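Chemist: Requesting a structural model of the entry that follows:
(one chain, ligands or ions: 1)
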Amino acid sequence: MHREPVKERERIKPPDVLNYPFEPPKADGSHVEIAPGLLWLRMPMPMTLDHINVYLLRDGEGWAVVDTGLGIPRTFELWEQIFTEKLAGQPLTRLICTHCHYDHAGAAHWLQERFDVPLLMTYGEFMMLRSLMGPPPDPMPQSHCDFYAKAGVTDEELGVMVSAMRKDPFMPKHPHSYQRIRPGEVLQIGERKWRVVLGEGHSPEHACLYNEAEGILLAGDQVLPRITSNVMVTPIEPEGNPLKYWMDSLHRLRELPANTLVLPSHQGVFYGLHERLDQVREHHEQQFDLIKEHLLEVGKASAAELMVVLFPRLRGPIDRLMALGETIAHLNLLKHAGVLLRQSGTGKIEYFSLA
Ligand SMILES: [Zn+2]
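Modeler: Next up is the predicted model:
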């Protein structure tokens, strides 16, 4: 049920404490050299979040690629152009996808077929990609319908959200095979060593790559400078606590040095890792406060009612679906922590109240 990987609607504090040392490249095949043998490029995306950053790492006589862009013809054209013109025929050696979302792995099938290279992913991400990434099941299973009914979503509203998901034009073909990478493993790519650092919550087993010698973090969607990554509960795991795993991941990443250069999957390359991790943690703590304040005022509320408190400006059905999943992620964390209680109301609907 995952779709758009990152939500753009709510910005945290102005990120003026961050420092952006490079002008970003255009999403037309041009690149910025971050360091020798480390190139930053962008792939265009025809959506509100209009690009994804991809990185090329010098790997012997060729280049390893980190993340792919969407599985759409424009992405394929750009990769052709990059490898035939820009890199003068130097080969693609391997493809690494930080996680399963389709802006990161959507062209993996195409790149693997076109260049006959291994795809490196964690087990959790590859299995998620192969098993659960796609349009909602048709018909929706009763357990999925119940999940939304309990949250306070009407049948009509659910129908609108599900049909918007089924019309998603970017669902890619999936790759058939992969090479597993594991948290803590060190990849030797050309002259650099990259340690796989685990991120959880936005996706099941997100791989960041950290180069200790030069203090560079290929952060994927785990650390973004201006938007927050979507962390959501879905009907696949209704009692899940992904926001807990997400907060734990922020904590783990904060153990990296403060002067780490962060190469994120969206927006600019930046310095200010600790400041940004703190901002994201504070943002979620503010969301917890909003929930508690609202419940103090009204006594009890459904997930759908609390969604409007946390996300007052939503643009469409897919936005609402993601916001609902993220609201439930906040509620589940507070429930697991003993701060909230959940009880049945009329019909299937469930209400949250302060413990
Ligand atoms: Zn993502």
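Chemist: worst-scoring helix or strand of this protein, pLDDT-wise?
Modeler: strand 6-7 (a mean of 42; mean pLDDT, DSSP states H and E).
Chemist: Whichever helix or strand comes after it pairs with which strands, and in what direction?
Modeler: Moving toward the C-terminus from strand 6-7, the next helix or strand (DSSP states H and E) is strand 31-35. Note on strand 31-35: by DSSP bridges, its sheet partners are strand 38-44 (antiparallel).
Chemist: any idea how far the residue of the stretch 51-200 of the chain found nearest the ion is from Glu214?
Modeler: Going by C-beta to the ion, the ion is nearest to His101 of the stretch 51-200 of the chain, at 3.6 Å. (Each C-beta comes from the backbone N, C-alpha and C, glycine too.) From His101 across to Glu214, the span is 27 Å (C-beta to C-beta, to the nearest Å).
Chemist: Please say which of these two ends up with more neighbours.
Modeler: Neighbours were counted for His101 and for Glu214 using other C-beta atoms under 10 Å; His101 has more, 28 against 11.
Chemist: wait, isn't that one in contact with Pro204?
Modeler: No: using C-beta atoms under 8 Å, His101 is not in contact with Pro204, being 11.2 Å away.
Chemist: need the residues of the stretch 201-350 of the chain near the ion, please.
Modeler: Asp221 (C-beta under 5 Å from the ion).
Chemist: Can you tell me which helices and strands the helix or strand Arg252 falls within packs against?
Modeler: When elements are assigned from DSSP H and E, Arg252 belongs to helix 242-253. With contacts defined as 3 or more C-beta pairs under 8 Å, 6 or more residues apart in numbering; DSSP states H and E, helix 242-253 has these neighbours: strand 192-199, helix 273-298, helix 317-336.
Chemist: just the angle between it and helix 317-336, please?
Modeler: Angle between the axes of helix 242-253 and helix 317-336 is 80 degrees (criterion: axes from the mean of the first three to the mean of the last three C-alpha atoms, to 10 degrees).
Chemist: Which secondary structure elements does the following helix or strand past helix 242-253 sit against?
Modeler: Remark: after helix 242-253, the chain's next helix or strand is strand 261-264, criterion DSSP H and E. Secondary-structure packing of strand 261-264 (3+ C-beta pairs under 8 Å, 6+ apart): strand 51-59, strand 216-220, strand 270-271.
Chemist: if you compare those, which one is most tucked away?
Modeler: Greatest average neighbour count among these goes to strand 216-220 (a mean of 26), per mean count of other C-beta atoms under 10 Å.
Chemist: Neighbouring strands of that strand in the sheet, and parallel or not?
Modeler: strand 206-211 (antiparallel), strand 261-264 (parallel).
Chemist: and these as a markdown table, adding mean pLDDT and mean neighbour count?
Modeler: As requested, the strands paired with strand 216-220 are exported to a markdown table (pLDDT from 0 to 100; neighbours: other C-beta atoms under 10 Å):
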| stretch | mean pLDDT | mean neighbour count |
| --- | --- | --- |
| strand 206-211 | 98 | 25 |
| strand 261-264 | 98 | 23 |
